[in-house]
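Engineer: just coords:
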């Protein structure tokens, strides 16, 4: 099961915004992604997508769709 939860890091401890429905001592893996990193990845993804889709070569497809 994969679950994404919000948390705050404070005094060396991750504090979850909401409790999880896990049994005590359930082993888990934690991946840390800060909002700054997330925004950077989203921007990089958007820039890459625009390079692929926003080009003159695609104009021919727009013309074909009009017919």
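Structural biologist: Perfect, thanks for sending it. Because the structure is a prediction, the values reported are computed rather than measured.

Engineer: Now the element after the longest helix belonging to the chain, going C-ward?
Structural biologist: What stands out as the longest helix in the chain, according to DSSP state H, is helix 35-53. Next helix or strand after helix 35-53 toward the C-terminus (DSSP states H and E): helix 59-66.

Engineer: mean confidence for the longest helix of the chain?
Structural biologist: Helix 35-53 carries an average pLDDT of 78.

Engineer: what distance separates that helix from the middle of the whole chain?
Structural biologist: 10 Å (CA atoms, centre = their mean, to the nearest Å).

Engineer: Please apply the same query to stretch 54-67.
Structural biologist: Relative to its chain's centre, stretch 54-67 lies at 30 Å (CA atoms, centre = their mean).

Engineer: Could you number the chain from 823 rather than 1 from now on?
Structural biologist: OK, 823 is where the count begins now, so the last one is stretch 876-889.

Engineer: where does the closest residue in space to residue 827 that isn't next to it in sequence sit relative to residue 850, distance-wise?
Structural biologist: Excluding the flanking residues, the one nearest residue 827 by CB to CB, 6 or more residues apart in numbering is residue 838, at 5.6 Å. Using the backbone N, CA and C atoms, a C-beta is placed for each residue, glycine as well. The gap separating residue 838 from residue 850 is 11 Å, by CB to CB, to the nearest Å.
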